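Peer 1: sequence first, predicted coordinates after that:
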Amino acid sequence: MKKEISELLKISDFYGSNKDYVIAGGGNTSFKDEKTIWIKASGTPLAGITEDGLVALSREKLHTLSVKSYPEDPLEREEEVKNDMFNAILHPQQGKRPSVETSLHELIQYRFVVHLHPALINGLLCSRNAKSLTHQLFGEKVLFVPYTDPGYVLFEKLESEVTGYRQKFSTDPKIIFLENHGSFVSADSTDEVKSIYNEILEKVSSLVKPEAPADPLPYNPVLNNVLPAMRMMLSPENPKVVRYRHNTLISKYYKNQQEFQKISHPLTPDIIVYCKYRYIYIDQSSTPERIIESLKGQLERFEKEYGFQPKVILIKDMGLFAIEDSVSSAETVLDVFEDLIKVSHYASYCGGTKLLTPEQISFIDKWEVENYRRKVSKGTGSSNRLKNKVAIVTGGAQGFGAGISRALYDQDVNVVVADINAETGLAFAKSLNCPKCSNRVIFVQTDVSDAESVKNLVSSTVREFGGLDVMISNAGILKAGSLDQMDPDTFSKTTDINYKGYFLCAKYAAEIMKIQNRERPEYFADIIQINSKSGLRGSNRNFAYSGAKFGGIGLTQSFALELAPYKIKVNSICPGNFYEGPLWSDPVNGLFVQYLKTGKVPGAKTIEDVRRHYEDQAPMKRGCRLEDVMKAINYVIDQEYETGQAIPVTGGQVMLG
């Protein structure tokens, strides 16, 4: 790797990892030598960028954009410009698309160019007095360019301005301010680039009152009954995700309509790309019913007037809400809109905000390049019906539960791992989460035998994702023993977790699923109990576990009858023995050890004897595996007809008559 490329990657990550400089993976950086320019690929975030995130282009071929005559029609022109830029790519087989601002980077003769969107600088550039204040602060050192539509028109404008600057100063500008857009800083070293940015920020800071840190504000439990309804209202097809943010910065602007108006218009292209250009404000906050009624009324008018669904909703005294196809996309919307709030705040010290015109907004919203950025930010499309659904897995940090959690996450499900073991659960959730994935895993410490703990689990799920699609009641314990050996406390604990725990999971999950069904009556949700073959037939010296599991199937059938009108399917999966998990194989408390000690398997002298005895009982001559259970879970979720079933996954060991 060239030394300069390494420096480019370091400065890119330096600015890209700080939301004060860059949001939504935006910003662009480049390095050029005599023949080649390396620039960030479109849709690639600066944070954590590697050499694979750069596109190399021929500078000679890029020169075509300066000498060629392009059509007057904007769509034809932009398509032809895009093709000429693509022709300059040195390795097109890599399938990477260069930044839309590549031609701007090429114009500037310094080796390094760093284009950022700091809220502090954009507060100046999105103000009514941007030009005069720029000259006041920086004199003629800075090239100020009035707002121009991105693409070839901006390239032409900047080329003309840079040429004029060269004629006047016999050098290129090291600082370029694009009105309502952002800043370009250029130099022959990355150290100088950093130094210049520090100087800019210091001077702009002298104009404005710094925004106080955004301290978190509490979640209002009223939202437990609002977010699932909001989610379904805004999910005409696949379920969307609702992400929530509430802090002291946001709270300044949700008090009334007048305050909301200060942040109700886009000021930069990025805001239009990720948040669109109109947002909803709800001034009702007393009850869930009033909030939902207000949202319904506004939604109908909003969609009729603007032709799209809102991505941003601000609710009085509640917070900021983003509705998107995935967690990562919704987080981007929150970041970008919060940046709009900061920019608006800073602009208020510079003469007030300068809004983009309807024509400028329309150009950005329809521009092919920006639609490509939207597409990249959301990830590729998928026919996976589980994609972006929300699932809880109790006992989800170990054994079968951990396997189910991992398998669902790998199918693009947002997973809530619920487990009583906090240390194990937190570590497991962290191990699953992939920074580049669109879905998310969270951990919630939960005791399924405690009603308040399960209520908190469901509330945390709604707070994090906006609703709930699948509740998998998997948590369980097994203590083997005969009537002579079993004490009442052990029996009660086994029943509380295996039987009562399922009841609590179903009870509180159903509350959320019913709200979703009320707003979208055709939408199905699932409650799934991971039962056992011991719930289908008695188990010698294992009556506490088996009895609770038998009772669980009774609950499944009864819940299914009650919840069918709400399109909530309730089914039990009854696996055979999962010998690889800790339930069986734990060297201290595993069932192999317990059964050997209690003499449940006549003649068994070793753990292997016990294992072989149980494997031989299944016609398929092996234990149940995770993939066997996942096929049953996927079937249960995918189908829309069966409910109240106990589905054996036992390798033929239990056959229903």
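Peer 2: Happy to help now that I have it.
Peer 1: pLDDT below threshold where in this protein?
Peer 2: 368-383 (pLDDT under 70).
Peer 1: check contacts around the most centrally placed residue in it.
Peer 2: Nearest to the geometric centre of the chain sits Val327, at 1.8 Å (C-alpha atoms, centre = their mean). By C-beta atoms under 8 Å, 6 or more residues apart in numbering, the contact list for Val327 reads Val241, Arg243, Asn388, Asn414, Ser438, Asn439, Arg440, Phe465. C-beta here means a position set from N, CA and C on the backbone, and glycine is covered the same way.
Peer 1: go on, Ala347?
Peer 2: By C-beta under 8 Å, 6+ apart, the neighbours of Ala347 are Gly123, Leu124, Cys126, Ser127, Leu267, Thr353, Lys354.
Peer 1: and the second one, helix, strand or coil?
Peer 2: Right, Leu124. Under the three-state scheme (DSSP: H, G, I helix; E, B strand; the rest coil), Leu124 adopts helix.
Peer 1: what about it, neighbour count?
Peer 2: 27 (other C-beta atoms under 10 Å).
Peer 1: any idea how far Asp447 is from Tyr508?
Peer 2: Separation of Tyr508 from Asp447 (C-beta to C-beta, to the nearest Å) stands at 13 Å.
Peer 1: now the common contact residues for these two.
Peer 2: Joint contacts of Tyr508 and Asp447 (C-beta under 8 Å, 6+ apart) do not exist.
Peer 1: surely Asn571 is within a strand?
Peer 2: Yes - according to three-state DSSP, Asn571 belongs to a strand.
Peer 1: how close does it sit to Ala632?
Peer 2: 9 Å.
Peer 1: neighbour count: those two, which is higher?
Peer 2: More neighbours surround Asn571 than the other of Asn571 and Ala632, with 26 against 20 (other C-beta under 10 Å).
Peer 1: that one is in contact with Asn531, isn't it?
Peer 2: No - using C-beta atoms under 8 Å as the test, Asn571 is too far from Asn531 to be in contact (9.4 Å).
Peer 1: quickly list what's touching both of the two.
Peer 2: Both Asn571 and Asn531 are contacted by Thr556, Ala646, under the criterion C-beta under 8 Å, 6+ apart.
Peer 1: all strands for the stretch 551-657 of the chain, in order.
Peer 2: For the stretch 551-657 of the chain, applying DSSP state E, counting those that start in this stretch gives strands covering 568-575, 646-649.
Peer 1: tell me the most buried of those strands?
Peer 2: Among those, strand 568-575 has the highest mean neighbour count (mean count of other C-beta atoms under 10 Å), at a mean of 26.
Peer 1: I'd like to know how many residues surround the closest residue to Ser127 other than its chain neighbours.
Peer 2: Closest residue to Ser127 apart from its sequence neighbours, by C-beta to C-beta, 6 or more residues apart in numbering: Cys350 at 3.4 Å. Neighbours of Cys350 under the rule other C-beta under 10 Å: 22.
Peer 1: flag every buried residue along the one helix or strand Ile121 maps to.
Peer 2: Using DSSP states H and E, Ile121 sits within helix 119-125. Of the residues in helix 119-125, Ala119, Leu120, Ile121, Asn122, Gly123, Leu124, Leu125 count as buried by neighbour count, 16 or more other C-beta atoms under 10 Å.
Peer 1: beyond that helix, next helix or strand please.
Peer 2: helix 130-138.
Peer 1: run the chain-centre distance for the helix or strand just after that next one.
Peer 2: Sequence order places strand 142-145 as the next helix or strand after helix 130-138, per DSSP H and E. Put simply, strand 142-145 sits 37 Å off its chain's centre (C-alpha atoms, centre = their mean, to the nearest Å).
Peer 1: does anything pack onto the helix or strand following strand 142-145? Which helices or strands?
Peer 2: Moving toward the C-terminus from strand 142-145, the next helix or strand (DSSP H and E) is helix 152-169. Here helix 152-169 touches helix 64-67, helix 74-87, helix 102-107, strand 142-145, strand 175-178, going by 3 or more C-beta pairs under 8 Å, 6 or more residues apart in numbering; DSSP states H and E.
Peer 1: Arg622 contacts Tyr614, correct?
Peer 2: No - counting by C-beta under 8 Å, Tyr614 is not a contact partner of Arg622; they are 10.2 Å apart.
Peer 1: who's more crowded, those two?
Peer 2: When Arg622 and Tyr614 are compared for neighbours, Tyr614 comes out ahead with 18 against 12, by other C-beta under 10 Å.
Peer 1: so the more buried one touches Gly623, yeah?
Peer 2: Yes - assessed by C-beta under 8 Å, Tyr614 is found in contact with Gly623 at 7.4 Å.
Peer 1: need the strands for the stretch 151-300 of the chain, in chain order.
Peer 2: According to DSSP E, counting those that start in this stretch, the strands that the stretch 151-300 of the chain contains are 175-178, 182-187, 241-245, 280-282.
Peer 1: direction included, what does the longest one pair against?
Peer 2: Pointing back at strand 182-187 there. Here strand 182-187 is paired, per DSSP bridges, with strand 112-116 (antiparallel), strand 175-178 (antiparallel).
Peer 1: quick one: contacts of it?
Peer 2: Contacts of strand 182-187 (C-beta under 8 Å, 6+ apart): 27, 104, 108, 110-118, 121-122, 125, 172-178, 193, 196-197, 200, 268.
Peer 1: what about the residue nearest to the centre of the chain, distance to Asn439?
Peer 2: 6 Å.
Peer 1: shared neighbours of those two, anything?
Peer 2: By C-beta under 8 Å, 6+ apart, the residues touching both Val327 and Asn439 are Asn388, Asn414.
Peer 1: right, and the strands paired with strand 182-187 - which one's nearest Glu580?
Peer 2: strand 112-116 (50.8 Å; C-beta to C-beta).
Peer 1: which residues are contacting that closest one?
Peer 2: 4, 7-8, 11-12, 15, 21-22, 27-31, 101, 104-105, 182-190, 193, 197.
Peer 1: just the buried ones from those?
Peer 2: Using 16+ other C-beta under 10 Å, the buried members of the contacts of strand 112-116 are 4, 7-8, 11-12, 15, 21-22, 27-31, 101, 104-105, 182-187, 190, 193, 197.
Peer 1: circling back to that earlier point, list residues touching both of Tyr614 and Gly623?
Peer 2: With C-beta under 8 Å, 6+ apart as the test, Tyr614 and Gly623 both reach Asn577, Tyr579.
Peer 1: for the closest residue to Glu179 other than its chain neighbours, give its distance to Pro210.
Peer 2: In space, and not counting its chain neighbours, Glu179 is closest to Tyr147: 4.3 Å by C-beta to C-beta, 6+ apart. As for Tyr147, its distance to Pro210 is 26 Å (criterion: C-beta to C-beta).
Peer 1: try Val390
Peer 2: 38 Å.
Peer 1: same check on Thr102?
Peer 2: Thr102 is 34 Å from Pro210, by C-beta to C-beta.
Peer 1: ok, those two, which is more surrounded?
Peer 2: Neighbours were counted for Thr102 and for Pro210 using other C-beta under 10 Å; Thr102 has more, 24 against 9.
Peer 1: that one and Ile39, how far apart?
Peer 2: Distance of Thr102 to Ile39, computed by C-beta to C-beta: 5 Å.
Peer 1: which residues do these two both contact?
Peer 2: Contacts common to Thr102 and Ile39, judged by C-beta under 8 Å, 6+ apart, are Ser30, Val55, Leu57.
Peer 1: residues touching Lys455, list them.
Peer 2: Lys455 neighbours (C-beta under 8 Å, 6+ apart): Tyr508.
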